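[1] what's the 3D shape of this:
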Amino acid sequence: MAENLVVYTVVHQPRRLKLPAQMIPPKTSPEKMPDFLFDEAMDRRYFEKVATFAYTPAGAMFRDMTKRGWKMAIGFSNSFLLQAEAWAPKVLESFQRLCASPNVEVVCVEPYHSWLLYVDILAFKEAMVHARERLETLFQKPVTVTDTTEMFMSNDVYFALQQCGFTGAFMEGRAWQLGWREPTRVYRYPLQRLALLCRHHDLSDDVGYRFSNRSWSEYPLKAERYSGWVSETWGDVVTLGWDFETFGEHHSANSGIFTFMPALAAELKTRKVRMMLPSEAIAELGGGDFEVPVNEYGTTWAGEGGMEFFLGNSAQQGIFRLMHHAYSKARLTGDPRLVEIAKWLLQSDNLHLIQWFSRWGPEAEVSAYFTPDEWWELGALGILREQQRVYINFIRALDEWAR
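    Model (predicted):
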């Protein structure tokens, strides 16, 4: 039975595209181009809404829980950090207070929440190193464990993270990646150093997605029952991975999520389930006894666990090609300011938000839920057309810079 538990949450807000697309006037400076590409007003509205319903009450809940022995890890995208610094410094300060607890570990995530790892693995390495330095400065504690974008893990990304000097990383624990192995071990790639903590997909999604689903056979989920599932799971350690926004945004306060979590902490104590920080689990349980040959096809924690959630329809594939072309064109200019904009245009959210195209079912519903309400006024095909135009406008605007 798994007597140990690792809890990981990630805090992220996207940098949303400005739709309908706007032409970028000739001779627009790189400093002004983002005004035509990204919808800062929309980002601020959504940020303030999530701060009210999730960040503030969930942060207070977890601060109280950590005083009582609850342990957790938190990752922050730079996208979130920049928005918090600009619009809600008190929210950022509350996270700093939470992370100051010895029972909280800060995790380094891909700062742009992007697919930079697909188009430039060396730039991805540099971004991860800079992200770690920023987090260590901001939260005043060492950062040794990492996550990527959507918990992406592949063979090349594993080695890139190892070269960055991390001791451990999170990986989605799907059967097609692990084979016959259980997700409840600490793994390493054969003969390598970087330890892997595998997110338990079913147990994570019981809270992350199904908790407030009234049609779910286990609804309403009680802390006693859920703690039993955790403690009765076979293996060394259960790793749970959630969006921080799960608490108050994905599941509202009316769902009971804010009473469920403290009750869960108490039930876990009763069952003698030991909570561990990721670095503690790696140090104690990651001695190299268990190995997994990380697949060349990347795993994520979205959908069925591969890249199909982000590249599974023609609209997503078209945007991904434009992402790549925009980044390549920006690289041709040699201007780091334009390359930085192109990195933001690689955000995975821009593929997530059109997953619903030509699809149906729970995954499409999740994608449609995250698509901004204002965009639907354009109609489904209008969203796709205008999103494509944002990238094309940026690529064309680089003409005068790439001579």
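[2] Can you give me the buried ones in stretch 68-88?
    70-81, 83-84, 88 (16 or more other C-beta atoms under 10 Å). C-beta here means a position set from N, CA and C on the backbone, and glycine is covered the same way.
[3] and it, C-alpha only, in PDB?
    What follows is stretch 68-88, C-alpha atoms only, in PDB (Å, rounded to 0.1, in the frame of the first residue of the first chain):
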ATOM      1  CA  ARG A  68      -1.300  21.700  10.500                       C
ATOM      2  CA  GLY A  69       1.100  19.400   8.600                       C
ATOM      3  CA  TRP A  70      -0.200  19.500   5.100                       C
ATOM      4  CA  LYS A  71       2.600  19.500   2.500                       C
ATOM      5  CA  MET A  72       2.400  20.500  -1.100                       C
ATOM      6  CA  ALA A  73       4.400  21.800  -4.100                       C
ATOM      7  CA  ILE A  74       3.500  24.700  -6.200                       C
ATOM      8  CA  GLY A  75       4.700  25.700  -9.700                       C
ATOM      9  CA  PHE A  76       4.200  29.200 -11.200                       C
ATOM     10  CA  SER A  77       4.300  30.100 -14.900                       C
ATOM     11  CA  ASN A  78       6.000  33.500 -15.600                       C
ATOM     12  CA  SER A  79       2.800  34.400 -17.400                       C
ATOM     13  CA  PHE A  80       1.000  34.300 -14.000                       C
ATOM     14  CA  LEU A  81       3.800  36.000 -12.200                       C
ATOM     15  CA  LEU A  82       3.900  39.000 -14.600                       C
ATOM     16  CA  GLN A  83       0.200  39.500 -14.300                       C
ATOM     17  CA  ALA A  84       0.200  39.300 -10.500                       C
ATOM     18  CA  GLU A  85       3.100  41.800 -10.300                       C
ATOM     19  CA  ALA A  86       1.200  44.200 -12.600                       C
ATOM     20  CA  TRP A  87      -2.400  43.900 -11.300                       C
ATOM     21  CA  ALA A  88      -2.400  42.100  -7.900                       C
END
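[4] Mind checking the pLDDT average for that stretch?
    On average, the pLDDT along stretch 68-88 is 98.
[5] one step back: would you tell me which one of the buried residues of stretch 68-88 comes nearest to Leu268?
    Trp70 (8.6 Å; C-beta to C-beta).
[6] residue contacts, the closest one?
    By C-beta atoms under 8 Å, 6 or more residues apart in numbering, the residues touching Trp70 are Val7, Phe62, Asn103, Ala265, Met275.
[7] rerun at 10 Å
    Residues in contact with Trp70, defined by C-beta atoms under 10 Å, 6 or more residues apart in numbering, are 7, 61-64, 101, 103-104, 261-262, 264-266, 268-269, 275.
[8] And for Arg188?
    Per C-beta under 10 Å, 6+ apart, neighbours of Arg188: 158, 162, 168, 194-196, 282, 286-292, 294.
[9] if we go to 6 Å?
    Ala195, Gly288, Glu291 (C-beta atoms under 6 Å, 6 or more residues apart in numbering).
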